[in-house]
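K.L.:
Below are the sequence and a predicted model; questions follow.
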Amino acid sequence: MTVAPRPVVDTRHPPDRARLLLFIALVALATAYAHHPRRCIDFGVFRTAGERFLAGTPLYRAEDGILPFKYAPAVAVLFAPLALVSRQLGALLWNIGSVGMLWLALRRMEALEPGPRPSDGTWATLLLGTPVATVLFYGQIDLWLLGLLCLAAAAVGAMDRGGTALGLATLSKPPAVLAVVFFAIQRRWRTLGIAAAVIAAAWAIYFLRLGLPAGLEQIRSWQALVERSTVEWVTGPNPQGLPTVLLDVGGWLGVPPGPRLLWIAEALATLGLGAAVLARRRDVGAAFRLACLAVLLASPLAWRANFVLAIPSLRVAVQRARGRERLAVVTLAVAAVSTVLTAGLLFDRTGTERVLAWRPWTLLGLLLLVLDLRRPVDAASAAVPPPPPAGRD
């Protein structure tokens with residue numbers, strides 16, 4: 001009698017049923033928000049920009065009030081397809097796409113840095129439940145951005161080397177240009193070249209539709225809008241980026257906030273965060289995590305929804321907390337407390353803003369920054385395929 005061999009099971013990485021349940025819940029939440037007429041308001045702004053681009057009319061208008069389109073004019077090219085379907089259907093596709101990009105991002109993280117368990121990514125997503133839910137509530141772009149960055153980073157062997165995804169990410173959020181540091185230190189020149197071509201193509205389509213004079217006028221309108229609204233935003237309770245903290249320090253020292261001080265704060269944040277990515281250039285996983293944190297923390301407009309970009313770093317923090325590393329445990333506690341206190345469930349809007357004024361999400365970002373800078377190069381990073389020699393990518 002022949003006994004069939006027992007199947008080999010990888011006990012280190014068992015099936016993550018919790019992730020499946022989590023994403024079923026996220027799809028339900030995304031669908032509910034998409035069908036609610038007073039939800040997904042940021043998606044509505046994106047769709048309106050797409051409509052205006054297709055019509056060849058101005059993107060930036062005084063009548064938009066407190067919900068203007070603040071992205072660069074060429075970004076409207078990406079939103080044009082949203083104008084071809086109804087708002088409700090578009091919001092549904094957008095939110096479901098956001099959930100899909102989150103799933104894809106977690107899978108690409110596992111390919112890029114296979115050390116942590118799959119469940120670590122699930123726990124990281126749960127601990128950042130408020131940012132994830134906020135993205136779906138408003139119909140924001142951040143989960144798409146996270147997915148694009150992860151796709152680009154893990155696409156070493158793809159035909160375009162991830163350049164299309166990187167180009168779309170950089171076009172949609174200007175701070176994503178800091179991710180270029182990661183691809184440069186990996187010598188992925190073809191990736192960077194294709195990304196530049198994607199960005200150039202979007203701008204070319206934009207100018208072809210609006211014409212050169214009208215297109216340049218829209219750029220001036222965009223710059224004026226950003227200059228007019230950014231300083232007011234970064235001094236409020238919602239922003240959680242590093243430039244805001246630097247402005248807070250300036251305020252404590254008696255220096256009033258203004259455009260000049262904001263520019264200095266942005267420059268310092270960008271230089272410091274870029275240097276952090278360079279400091280871990282020998283560790284592919286750490287460099288990518290720091291690049292995501294840099295994109296997040298360098299923006300003066302960063303708020304709690306943008307902290308979905310911290311999932312790669314928090315995923316590794318969960319792994320390190322299992323080893324009882326104190327700083328990792330403290331970091332997870334800060335993430336959990338921030339999610340609970342800023343979800344809008346325990347306090348009203350005024351109470352939540354009082355909590356946000358203490359910049360808890362900034363504190364989380366800085367803790368993750370320290371953790372990623374402290375991590376030694378390990379076997380997980382060494383398992384990642386090395387970048388191709390210079391000149392061949």
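P.N.:
On my side now, so go ahead.
K.L.:
Not counting sequence-adjacent ones, nearest residue to the residue most central in space within the chain?
P.N.:
Here the mean C-alpha position of the chain is nearest to the C-alpha of residue 309 (Cα atoms, centre = their mean), at a distance of 3.9 Å. Nearest residue to residue 309, sequence neighbours excluded (Cβ to Cβ, 6 or more residues apart in numbering): residue 296, at 4.1 Å. All C-beta atoms are positioned from the backbone trio N, CA, C, and that covers glycine.
K.L.:
Look up phi and psi at the one you found.
P.N.:
Residue 296 adopts backbone torsions of phi -70, psi -60, taken as degrees, to the nearest 10.
K.L.:
dump the residue contacts of it.
P.N.:
With contacts taken as Cβ atoms under 8 Å, 6 or more residues apart in numbering, residue 296 has the following neighbours: 175, 241, 302, 306-307, 309-310, 365.
K.L.:
try 7 Å this time
P.N.:
Under the criterion of Cβ atoms under 7 Å, 6 or more residues apart in numbering, the neighbours of residue 296 are 302, 306-307, 309-310, 365.
K.L.:
before we move on, back to that, from memory the residue nearest to the centre of the chain sits against residue 146, does it?
P.N.:
Yes: under the criterion of Cβ atoms under 7 Å, residue 309 is in contact with residue 146, at a separation of 5.6 Å.
K.L.:
Residue 341 versus residue 95, what's the distance?
P.N.:
For residue 95, the distance to residue 341 (Cβ to Cβ, to the nearest Å) stands at 25 Å.
K.L.:
In PDB, list the C-alpha atoms belonging to the regular element (helix or strand) spanning residue 121.
P.N.:
Element membership of residue 121, judged by DSSP states H and E, is helix 118-127. C-alpha atoms of helix 118-127 as PDB (Å, rounded to 0.1, in the frame of the first residue of the first chain):
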ATOM      1  CA  PRO A 118       1.600  38.700   5.200                       C
ATOM      2  CA  SER A 119      -0.400  39.300   8.400                       C
ATOM      3  CA  ASP A 120       2.000  42.200   9.300                       C
ATOM      4  CA  GLY A 121       0.700  44.100   6.300                       C
ATOM      5  CA  THR A 122      -2.900  43.400   7.400                       C
ATOM      6  CA  TRP A 123      -2.200  44.600  11.000                       C
ATOM      7  CA  ALA A 124      -0.500  47.800   9.600                       C
ATOM      8  CA  THR A 125      -3.600  48.500   7.500                       C
ATOM      9  CA  LEU A 126      -5.900  48.000  10.500                       C
ATOM     10  CA  LEU A 127      -3.700  50.300  12.700                       C
END
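K.L.:
so how many other residues sit close to the residue nearest to residue 175 when sequence neighbours are not counted?
P.N.:
Excluding its sequence neighbours, the residue lying closest to residue 175 (Cβ to Cβ, 6+ apart) is residue 299, at 4.3 Å. Neighbour count for residue 299, taken as other Cβ atoms under 10 Å: 26.
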